[in-house]
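[1] requesting a structural model of the entry that follows:
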Amino acid sequence: MNLTDLITDICEHEGLYSIRLPFKEPVEVIVQKAIEKSVRTFSEFKRQVKEAHLLVSDLKSPSELDRMKNIYLLPADMCTTTVKDVMGYCETDRAADKNVTTNTFTVGSPFVGFGAYYPQDILNAQMTGVAINKFAGVTSRRATVKYLGYNKIQLFDFPKDSSIFLAVECEHDLSCESIPESCRESFLSLAYLDAGITALNSLENIEGMGSGYKEIRYKIDKWSGYKDKREALVKEWTNTWYLDDEDSFLFF
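    Predicted coordinates for the structure are as follows:
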């Protein structure tokens with residue numbers, strides 16, 4: 001979405017151009033501050049997702065000790081706004097998935113090459129299965145990514161020469177350009193309320209405003225109810241956000 005268009009739409013919707021109000025700052029500045037607040041709140045429910053395909057060997061570590069622990073920094077262009085969570089997988093594993101399914105016995109069964117039921121045979125089978133898996137470059141432990149905060153991630157069970165896919169969930173840009181047009185109406189429903197609340201808090205002394213006082217009073221009374229409306233809207237989104245999240249559905 002375009003920030004300039006948003007400011008214009010909000011000002012017209014709230015009647016901020018139709019009457020001169022005693023604001024401490026230009027009305028456009030006040031509305032832009034309100035939009036920044038809306039962006040932070042909106043990002044809690046509809047996050048910006050940045051994706052990248054990288055080589056593990058290209059990732060940077062804060063220190064050599066961190067590198068030994070497989071702790072790395074996210075690429076700078078993936079954390080220009082506050083990061084909320086990080087997901088990822090080893091693309092080498094994904095590429096090998098077909099091979100794994102055709103050789104499942106090397107992963108799923110401890111009775112590789114035996115078929116016996118005595119304890120020693122079972123132990124031997126397990127050791128043989130591990131050896132075969134290692135030789136084939138296959139492991140039953142899926143590589144995982146953990147977000148540590150402060151733009152750092154830790155990798156588990158990633159081969160050193162592997163490729164990694166990262167999906168970084170973060171706040172939207174304050175320019176609003178990262179918010180899709182399909183979310184425009186939902187975002188505006190929050191931004192209208194934030195604009196009214198911010199405008200109310202930015203008003204200076206309105207006594208002695210003459211003929212315009214009555215209309216100003218009307219807007220103040222209107223905006224004074226926006227805080228409760230905002231809380232109700234956020235509560236509604238909190239209770240229903242998962243309906244738009246395909247990953248939250250489980251099919252049986």
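[2] state the distance from the spatially most central residue of the chain to residue 49.
    Taking CA atoms, centre = their mean as the criterion, residue 169 is the residue nearest the geometric centre of the chain, at 2.6 Å. As for residue 169, its distance to residue 49 is 6 Å (criterion: CB to CB, to the nearest Å). Heads up, the C-betas are built off the backbone N, CA and C, glycines and all.
[3] returning to what we had before: secondary structure class for the residue nearest to the centre of the chain?
    At residue 169 the chain is in strand, as set by DSSP: H, G, I helix; E, B strand; the rest coil.
[4] neighbours around the residue lying closest to residue 81 once chain neighbours are set aside, how many?
    Leaving aside its chain neighbours, residue 81 sits nearest to residue 171 (4.3 Å; criterion: CB to CB, 6 or more residues apart in numbering). The number of residues packed around residue 171, counting by other CB atoms under 10 Å, is 19.
[5] the helix or strand hosting residue 217 - contacts with which helices or strands?
    Per DSSP states H and E, residue 217 falls inside helix 213-223. If contacts are counted by 3 or more CB pairs under 8 Å, 6 or more residues apart in numbering; DSSP states H and E, helix 213-223 sits against helix 184-202.
[6] contacts made by the helix it packs on with the rest, please.
    1, 6, 9-11, 13-14, 16, 21, 23-25, 27, 30-31, 33-35, 37-38, 41-42, 46, 176, 179, 219-220, 222-224, 226-227, 229-230, 233-234 (CB atoms under 8 Å, 6 or more residues apart in numbering).
[7] could you do stretch 8-16 as well?
    So stretch 8-16 is in contact with 17, 27-28, 31, 34-35, 188, 191-192, 195-196, 199, 219, going by CB under 8 Å, 6+ apart.
[8] what would those residues look like in TSV with pLDDT?
    Formatted as TSV, those follow (pLDDT from 0 to 100):
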residue	pLDDT
17	84
27	90
28	92
31	95
34	96
35	97
188	96
191	97
192	97
195	95
196	93
199	89
219	82
